[in-house]
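**Q** compute the structure for the input listed below.
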Amino acid sequence: MLPLWTWECVNEKCLPTKATISGKLQSLVTCNMLCSTIQLWPQPTGSVSLSTTAVPVRADLFQLQVMGVTSRPVQEHLQDAFDIFRQELRLTEQKIHGFEEWQRVIVRVGINGSADPRMRLDTDESYRMSVRPKEGSGGVMIVDIAAKSFCGARHGLETLAQMIWLDPYAGSLLMMEAASVDDAPRFRYRGLMIDTSHNYFPVHELIRTIDAMATCKLNTFHWHATGAQGFSIMFGSVPQLAHYAGYEHAAMYTPEDVRTIARHARLRGIRVLLEVDIPAQIGHAWDWGPTVGLGELAHCMESEPWIAYCDEPPCGQLNPRNLHVYEILERLFLEIIQLTGVDDLFHIGGDGVTEHCWAEVFNDTDPMEIWLEFTRKTLQSLEKANGKLPNLTLIWSSQLCERIKSDLKEYVHSVGLQARNVAWNENYVSGLRTVLSNEDAWDLNNGMGTWYEDAQGAPYNSWQRIYEHRPWSRSTLGRLEGGEATVWSSTVGAGGLDARVWPRAAALAERLWADRPEGATRPVQARLDVHRTRLVTRHNIQAESMWSMWCTQNTYTCR
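**A** Next up, the predicted model:
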């Protein structure tokens, strides 16, 4: 049966026409890829040239040629990344038909730079890519990718993947016949935070989220693993933490789960930043010290009214004057570094700390002085565990940040602030390295309600609001590392993560990669809609719809 519609390219816009009227059949996806504005997401930052013609390709006719690498680990990661690239093409293509001949594609990759395949803060993620027919040899396409790191080369493979699509009319994969791209990110930290302390997400959902992150070139999976209501990981070095505050084993992550997720992420140019939140939001996780002769490791677990002691019950803050706390933290930090393979970036929490608990227990000392001393000793424990201080250690924004600059000067170049609201951007970040996660724009829970009746709900952060949030354009933010969207899981659980995150996190990804000055225009919306479809077809992401199907098919007449 012939399709009902065909799409024609008119003034760089795809317009639908009845197939019985037009003499040419062209699917919407092919029209979008060959007619409209650049359909890559995120949009490259350098020069781009894309062909308006396509050639048929097959997954099993792609071949990798390594033109040069800097180490065996880089070569192994590159081969694995290419295998992933080709496997995703296999899953996309349907039963082969529609063409008698397909192009053979030789992908030549050269990496001249870092010998470390991991995503690090100093990783050069730039790449250059070209696509062209091989001269004097019909039926062969040449793809050249040049990068300074494995992560840059992987980004090049992702861009190539976005130049390949399944044409439903032809029943074949098509690839742009020619292209050149010069690309590099604006910010070096581009993250997504998922909280697993309130609700459990199966490992396969987290892995699928990482797959979607890779298509957007996000590079940091910030795993907020603990909170007042749950300790979601079973650490072998301190098993009591999960025993006293974890959920049932089926709703917890094992060390092997963490390794699996970290390796999956690493092959896709993503690091796992695993956060165990301290000194507050600990619930009953540390309520076992007296039973093993270590004394009180925490205070205020059962204090009432809870609202005076913490953001949500059960409360609890670590005992900063018990030296066993820092010995335990050292063991815990070492295991986190070993499980994730990330040693240049760390997060020590700092969320929800209140002065009330320490003021009540230690009424002879200013709680702020106690907090400063706790932070200093925690950083010393981290330094012992890692052999040196990480390049950057993050802490959630709080009134402590001003005192770090004045009272912890020896750490001011290695400690960074994760700023949760615009006020912190404007008043406290000067002089500190900063990662933005502004709740008023980049919290993906806003507008979804809260679990307790009297809470005031914040406005919904639409993809447009996320995309247009550029606080660095109107104020001085000091040493800005980048930003991340956040998903606090108190009102979302298994099965709901995809729609909560996508495609809105993709809007943030382009903001942090390209940071173009234009806002959420109709061409940007149309391009994001194409990318949303890409997430659905490549990774089965159950992404939230952006508009009606009619608008997808009639982009420039949709109102």
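
**Q** can you pull out the helices in the stretch 201-350 of the chain?
**A** 203-215, 240-245, 255-266, 323-340 (DSSP state H, counting those that start in this stretch).

**Q** need these in CSV (columns: mean neighbour count).
**A** The C-beta positions use only the backbone N, C-alpha and C, and glycine is treated the same way. Output for the helices of the stretch 201-350 of the chain, formatted as CSV (neighbours: other Cβ atoms under 10 Å):
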stretch, mean neighbour count
helix 203-215, 20
helix 240-245, 20
helix 255-266, 19
helix 323-340, 19
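
**Q** dump these to CSV, plus mean pLDDT and distance to R108.
**A** Shown next, in CSV, are the helices of the stretch 201-350 of the chain (pLDDT from 0 to 100; distance: least, Cβ to Cβ, whole Å):
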stretch, mean pLDDT, distance to R108
helix 203-215, 98, 22
helix 240-245, 93, 48
helix 255-266, 99, 23
helix 323-340, 99, 32
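
**Q** want to throw these into TSV with distance to T159?
**A** As requested, these are exported to TSV (distance: least, Cβ to Cβ, whole Å):
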stretch	distance to T159
helix 203-215	10
helix 240-245	41
helix 255-266	19
helix 323-340	27
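
**Q** of those helices, which is nearest N540?
**A** Smallest distance to N540 across these (Cβ to Cβ): 7.2 Å, for helix 203-215.

**Q** so which of the helices of the stretch 201-350 of the chain gets nearest H284?
**A** Closest among the helices of the stretch 201-350 of the chain, using Cβ to Cβ: helix 240-245, at 4.8 Å.

**Q** residues in contact with that closest one?
**A** Outside helix 240-245, the residues within contact range by Cβ atoms under 8 Å, 6 or more residues apart in numbering are 226, 230-235, 252, 282-288, 292, 332.

**Q** distance from that helix to the middle of the chain?
**A** Chain-centre distance of helix 240-245: 28 Å, with Cα atoms, centre = their mean, to the nearest Å.

**Q** likewise for stretch 73-89?
**A** 20 Å.

**Q** and it, C-alpha only, in PDB?
**A** Only the C-alpha atoms of stretch 73-89 are listed here, as PDB (Å, rounded to 0.1, in the frame of the first residue of the first chain):
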ATOM      1  CA  PRO A  73      43.000   1.300  26.800                       C
ATOM      2  CA  VAL A  74      42.100   4.100  24.300                       C
ATOM      3  CA  GLN A  75      42.100   1.600  21.400                       C
ATOM      4  CA  GLU A  76      40.000  -0.900  23.400                       C
ATOM      5  CA  HIS A  77      37.500   1.700  24.300                       C
ATOM      6  CA  LEU A  78      37.300   2.900  20.700                       C
ATOM      7  CA  GLN A  79      36.600  -0.600  19.400                       C
ATOM      8  CA  ASP A  80      33.900  -1.100  22.100                       C
ATOM      9  CA  ALA A  81      32.400   2.300  21.200                       C
ATOM     10  CA  PHE A  82      32.300   1.400  17.500                       C
ATOM     11  CA  ASP A  83      30.700  -2.000  18.300                       C
ATOM     12  CA  ILE A  84      28.000  -0.100  20.200                       C
ATOM     13  CA  PHE A  85      27.600   2.300  17.300                       C
ATOM     14  CA  ARG A  86      27.100  -0.600  14.800                       C
ATOM     15  CA  GLN A  87      24.900  -2.500  17.100                       C
ATOM     16  CA  GLU A  88      22.500   0.500  17.500                       C
ATOM     17  CA  LEU A  89      22.300   0.600  13.700                       C
END
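
**Q** mind listing what's buried in that stretch?
**A** V74, Q75, H77, L78, D80, A81, F82, I84, F85, R86, E88, L89 (16 or more other Cβ atoms under 10 Å).

**Q** and which of those is nearest to G341?
**A** H77 (11.9 Å).

**Q** how far away is the closest one from F221?
**A** H77 sits 17 Å away from F221, going by Cβ to Cβ, to the nearest Å.

**Q** can you check T521 too?
**A** In terms of Cβ to Cβ, T521 sits 30 Å off from F221.

**Q** more neighbours, these two?
**A** For the pair T521 and F221, the greater number of neighbours falls to F221 (25 against 12), based on other Cβ atoms under 10 Å.

**Q** surely that one is in contact with L273?
**A** Yes: the pair F221 and L273 passes the contact test of Cβ atoms under 8 Å, sitting 6.9 Å apart.

**Q** which neighbours do the two have in common?
**A** Shared contacts of F221 and L273, defined by Cβ under 8 Å, 6+ apart, comprise G191.

**Q** helix or strand with the lowest mean pLDDT in this structure?
**A** helix 422-427 (a mean of 66; mean pLDDT, DSSP states H and E).

**Q** the longest strand in this structure is where?
**A** In terms of residue count, the longest strand belonging to the chain (DSSP state E) is strand 54-68.

**Q** after that one, next one along is what?
**A** Next helix or strand after strand 54-68 toward the C-terminus (DSSP states H and E): helix 72-92.

**Q** how is the chain divided into domains?
**A** 1-36, 45-183, 189-515 (automatic domain parsing).

**Q** ok, E369 to V325 distance?
**A** Taking Cβ to Cβ, one finds E369 at 17 Å from V325.

**Q** circling back: now restrict the contacts of helix 240-245 to buried residues only.
**A** Judged by 16+ other Cβ under 10 Å, buried ones among the contacts of helix 240-245: 226, 230-235, 252, 282-288, 332.

**Q** quick one: which of the residues you listed is nearest to E205?
**A** Nearest to E205 among those, counting by Cβ to Cβ, is S232 at 13.4 Å.

**Q** next, the closest residue to A245 other than its chain neighbours: phi, psi?
**A** The spatially closest residue to A245, leaving aside those adjacent along the chain, is A285, at 3.6 Å (Cβ to Cβ, 6 or more residues apart in numbering). A285 adopts backbone torsions of phi -60, psi -30, taken as degrees, to the nearest 10.

**Q** contacts only, for A285.
**A** Counted by Cβ under 8 Å, 6+ apart, A285 has contacts T226, F231, L241, A242, Y244, A245, A298, G316.

**Q** what do you get for G519?
**A** G519 neighbours (Cβ under 8 Å, 6+ apart): Q464, Y467, E468.
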